[in-house]
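Asker: I need the structure of the sequence given here:
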Amino acid sequence: MLLGSRLLRLSAAAAAGVRRSLTTAASHPPWAMISFSSEVVGAPTVDVRLAEPPHISQIRVPGHLIKTSGGCADPASKVVKWLSGTSSGGLLFLTYLDLRSPAPTVGKDGTHAIHPSHDSGVTHFVCNPVTRELSRLPASIFNPVQDALHGARMGFITQADRGHGPPDRFAAAKVGVGRNLMIRFLSETGEWELVEVSLSPSQLLPPRSMRIDQEPLAFGGRMWWVDLSWGVVTADPFSHRPEGTYVQLPRRSVLPAAQPVISYRRVGVSDGWLRYVELSQEKPFLLSSFVLDDEATSWTLEHRVELNKIWGRSMSMPLQTTAGDTEIVLIHPLDSNVVYLRLVATSQTVAVDMDREEVIETCLCSGKPFSTPCLLPPWLRSTRIPSASRGSKDVDKNKTLAGVLVS
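Answerer: Just a heads-up that it's a prediction; the model follows:
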């Protein structure tokens, strides 16, 4: 058994408690669709502009806090700036990448190359989007630039001593440094380290190297790194000896090779469960939603609707005629029936209720089509970002996967 049903049910119960508490927040929306931009601000503090979904919330970090790229003798090279992020416990984790690449910037394998005479800059931040508190992590002793360029995205997870509420600690981690290694940063120690990830002999392994092509997720006390053409790998970055587990996507969704499918597939956490949504790329353009079972061994189909039938009921929605006309933005974190889509031709963000099979919200949104959902619980107004200097309670980080997840 990979994940215990008791833990997943507790996750659902905790999500219900968070959802109830969010209704009491009046000064900001209960959650936000965060768009990460490489644009910086000259002000001394972070600039966060929260908006009610489906409107996009923006975040800009102070330029003087970012490690910028060094000089480069090659005039044909190109500066690449990239800000990525994810969220957990209401806090945001930001990675700012500033580097110079030789022209052309993209190689045959689809990755960037770094100029040999260039000192690249990578800066990690943790941000409270309500109080605007910003904490910069120390520089990694490893090579985060190459990992970022090859798609090994950094995940972020918080942990509260009471199980829910303001976080007492956090971890940032990524896998893919070899097949069994993890780079992580723990707020309790304030240091980066390289740890081994163990696998049981019976654990299913991917038939190829995974391509991490969406932001990692925090769920059930573990990090989940997503390959949208194959499945997910999950581990507990707080553990002294992390144990890795692989979970395939629904059988008919698994592709023989890593493909750029991020525009029409998405994995997310909604209503306390891990869910997967995909949009077929041929007629009749089916939008399907699956939920991972409480043993984390298989996916169950929850919804399957024909997109053009939904568009047909809304005179403002153009019919899907070719692949790529519609993109998946994200799954509503509190209502598992709702998926946010983007109409490429009109730059509209559309909220579709798959249970009711109708459009419930629309918004004209320019800029980046993909966003990250971030819950904004009321306690964020009085929450400080955890750090080693403030001290923390001891936690047992030496449990096996079975010991942590199975009652």
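
Asker: all contacts plus neighbour counts: C-alpha atoms, from now on.
Answerer: Fine.

Asker: all strands for the stretch 101-250 of the chain, in order.
Answerer: 121-127, 134-136, 155-159, 169-175, 181-186, 191-196, 217-219, 222-227, 231-235, 245-248 (DSSP state E, counting those that start in this stretch).

Asker: and the helix or strand just after the last one, which strands flank it?
Answerer: Using DSSP states H and E, the helix or strand that directly follows strand 245-248 along the chain is strand 265-270. Neighbouring strands of strand 265-270 in its sheet, by DSSP bridges, are strand 273-279 (antiparallel).

Asker: now the strand it pairs with against strand 231-235, angle please.
Answerer: 160 degrees (axes from the mean of the first three to the mean of the last three C-alpha atoms, to 10 degrees).

Asker: report the angle between the axes of strand 273-279 and strand 222-227?
Answerer: Counting by the same axes, to 10 degrees, strand 273-279 lies at 10 degrees to strand 222-227.

Asker: packing partners for the helix or strand following strand 273-279?
Answerer: Once the chain leaves strand 273-279, the next helix or strand it forms, by DSSP H and E, is strand 286-292. Contacts defined by 3 or more C-alpha pairs under 8 Å, 6 or more residues apart in numbering; DSSP states H and E place strand 286-292 against strand 273-279, strand 299-306.

Asker: now the angle from the shortest one to strand 299-306?
Answerer: What that stands for is strand 273-279. Put simply, strand 273-279 runs at 40 degrees to strand 299-306, going by the same axes, to 10 degrees.

Asker: helices of the protein, start to end?
Answerer: For the chain, the helices defined by DSSP state H occupy 5-22, 144-149, 307-312, 401-405.

Asker: that older thread, so which of the strands of the stretch 101-250 of the chain gets nearest Pro260?
Answerer: When the strands of the stretch 101-250 of the chain are compared for distance to Pro260 using C-alpha to C-alpha, the nearest one is strand 222-227, at 9.9 Å.

Asker: and the contacts of that closest one?
Answerer: 155-157, 175, 210-218, 232-237, 258, 267 (C-alpha atoms under 8 Å, 6 or more residues apart in numbering).

Asker: can I get that strand in PDB, CA atoms only?
Answerer: Taking Å, rounded to 0.1, in the frame of the first residue of the first chain, the C-alpha atoms of strand 222-227 are listed here in PDB:
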ATOM      1  CA  ARG A 222       4.500  15.100   0.800                       C
ATOM      2  CA  MET A 223       5.900  16.800  -2.300                       C
ATOM      3  CA  TRP A 224       4.600  15.700  -5.700                       C
ATOM      4  CA  TRP A 225       6.600  16.300  -8.800                       C
ATOM      5  CA  VAL A 226       4.600  16.000 -12.000                       C
ATOM      6  CA  ASP A 227       5.400  14.600 -15.500                       C
END
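
Asker: related to what we said a few turns ago, of the helices and strands packed on strand 286-292, flag the one that's most buried.
Answerer: Per residue and on average, the most neighbours among the helices and strands packed on strand 286-292 fall to strand 273-279, with a mean of 23 (mean count of other C-alpha atoms under 10 Å).

Asker: tell me what angle that strand forms with strand 286-292.
Answerer: Between the axes of strand 273-279 and strand 286-292, defined by the same axes, to 10 degrees, the angle is 160 degrees.

Asker: and strand 273-279, average pLDDT?
Answerer: Summarised as a single mean, pLDDT over strand 273-279 is 97.

Asker: please enumerate residues in contact with it?
Answerer: 8, 11-12, 219, 249, 264-269, 285-292, 328, 331.

Asker: what is the burial count for Thr131?
Answerer: 14 (other C-alpha atoms under 10 Å).

Asker: so it sits right up against Arg381, yeah?
Answerer: Yes. If you go by C-alpha atoms under 8 Å, Thr131 and Arg381 touch, sitting 6.0 Å apart.

Asker: picking up where we left off before, mind giving me the ChimeraX select for the contacts of strand 222-227, buried ones only?
Answerer: Typed into ChimeraX, the next command selects the buried ones out of those (criterion: 16 or more other C-alpha atoms under 10 Å):
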select :155,156,157,175,210,211,212,213,214,215,216,217,218,232,233,234,235,236,237,258,267
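
Asker: leaving out the residues flanking it, which one is nearest to Ala51?
Answerer: Ser57 (5.1 Å; C-alpha to C-alpha, 6 or more residues apart in numbering).

Asker: my guess is the one you found contacts Pro29. True?
Answerer: No. Applying C-alpha under 8 Å as the test, Ser57 and Pro29 come out as separate, 10.5 Å apart.

Asker: one step back: looking at the helices and strands packed on strand 286-292, which is nearest to Arg342?
Answerer: Nearest of those (C-alpha to C-alpha): strand 273-279, 11.9 Å.

Asker: which residues does Leu375 form a beta bridge with?
Answerer: Note on Leu375: beta-bridge partners by DSSP bridges are Trp31.

Asker: same question, Asp47
Answerer: Beta bridges link Asp47 to Arg60 when assigned by DSSP bridges.

Asker: burial count for it?
Answerer: 17.

Asker: ok, now which ones touch it?
Answerer: By C-alpha under 8 Å, 6+ apart, Asp47 lies in contact with Val41, Ile59, Arg60, Val61, Pro62, Arg132.

Asker: ditto for Val175
Answerer: Contacts of Val175 by C-alpha under 8 Å, 6+ apart are Ala152, Leu181, Met182, Ile183, Trp225.

Asker: repeat that for Gln214.
Answerer: Arg153, Trp225, Val226, Asp227, Leu228, Ile262, Arg266.

Asker: mind putting these into CSV with neighbour count and pLDDT?
Answerer: What follows is the contacts of Gln214, written out as CSV (neighbours: other C-alpha atoms under 10 Å; pLDDT from 0 to 100):
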residue, neighbour count, pLDDT
Arg153, 26, 81
Trp225, 29, 93
Val226, 27, 93
Asp227, 26, 92
Leu228, 29, 94
Ile262, 18, 83
Arg266, 25, 96
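
Asker: pLDDT below threshold where in the stretch 201-350 of the chain?
Answerer: Scanning the stretch 201-350 of the chain for pLDDT under 70 picks out 201-202, 204, 315.

Asker: repeat for the stretch 51-200 of the chain
Answerer: For the stretch 51-200 of the chain, the stretches with pLDDT under 70 are 68-82, 99-120, 144-152, 176-179.

Asker: contacts only, for the residue nearest to His303 when sequence neighbours are not counted.
Answerer: The shortest distance from His303 to any non-neighbouring residue, by C-alpha to C-alpha, 6+ apart, is to Ser289 (5.1 Å). Residues near Ser289 by C-alpha under 8 Å, 6+ apart: Arg275, Tyr276, Val277, Glu278, Leu301, Glu302, His303, Arg304.
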